[in-house]
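just a sequence and a predicted model for now, questions to come.
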Amino acid sequence: MKKSNFLIGILVAATLMFSATSCNSQEPAIELKNANDTLSWILGENFARGLKESDMSLNKTVILRAVESILDGNPSPIDNITYQEGMDQFAVMLRAAQQNKAQDVFKQQQQQLQQMTKQDPQIKYDEQSGICYKVLKEGRGPKAPENQRLRFNYEGRLLDGTVFDNSFGGNGIINLPVNLMKGVGYALTMMNVGSRYVFYIPSYYAFGSTGSPQLNIPGDAIVVYEIELYEILNN
């Protein structure tokens, strides 16, 4: 039931998106007169963006008619069995569209990262992970093992240089790689103690298609982490 309600919400919001798109050339932008109007728009925009990003093809006219009819209190012309079959089909279509987009983003980012190695010979490409890295300082200590407590500092930034997180200035954070973003956890295992690397991490190893609104990281963003590894600690 929750899945169906969520998908219905997406369809409703898609209607708002399509309606606004079709009216922009004929009517002025909608005026948000109060907090309820603003909240309504935010919810509609949120769902509409999700559908738009899925790149699905739907009949805008039918969506508009259906939403208007249901909001006016009219009964549905579709029986319950057909309705549920349609919702199940929509869920399958949505997953397929998301998977196709993820594959396209993966290929594009791999090409982008490999191109970076051609522009800067100091940037290396790790075939196993698809992560690029640059060695700023190579340490002489042991290699960091997996699932081990480590002391290190890092700075996270976007490709344009915008910093979204920074732990430098303290004594180093202590954590297990498995508790960190997957890309950072993997990156730490590539380093020797005493090293300082810059890692260029694709979105599937970082914040994914949704990004991180709290850190102002957009979806499908390659992120850069500069990491200095100080010590391997006993568990």
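All right, it came through fine.

ranges for the helices of the chain?
2-23, 35-54, 60-71, 80-119, 182-188 (DSSP state H).

contacts for the shortest one next, please.
Applying Cβ atoms under 8 Å, 6 or more residues apart in numbering, the external contacts of helix 182-188 come out as 129, 131, 133, 144, 146, 150, 152, 154, 177-180, 197, 199, 201-202, 205-206, 223, 225, 227, 229. (Glycine included, C-beta is placed from N, CA and C.)

in strands, which of those residues appear?
Tyr133, Leu150, Phe152, Tyr154, Tyr197, Phe199, Ile201, Val223, Tyr225, Ile227, Leu229 (DSSP state E).

dump the residues you listed into JSON lines; add neighbour count and pLDDT as well.
Below are those laid out as JSON lines (neighbours: other Cβ atoms under 10 Å; pLDDT from 0 to 100):
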{"residue": "Tyr133", "neighbour count": "22", "pLDDT": "96"}
{"residue": "Leu150", "neighbour count": "24", "pLDDT": "88"}
{"residue": "Phe152", "neighbour count": "23", "pLDDT": "91"}
{"residue": "Tyr154", "neighbour count": "21", "pLDDT": "91"}
{"residue": "Tyr197", "neighbour count": "23", "pLDDT": "97"}
{"residue": "Phe199", "neighbour count": "26", "pLDDT": "97"}
{"residue": "Ile201", "neighbour count": "27", "pLDDT": "94"}
{"residue": "Val223", "neighbour count": "25", "pLDDT": "94"}
{"residue": "Tyr225", "neighbour count": "23", "pLDDT": "95"}
{"residue": "Ile227", "neighbour count": "23", "pLDDT": "94"}
{"residue": "Leu229", "neighbour count": "25", "pLDDT": "94"}
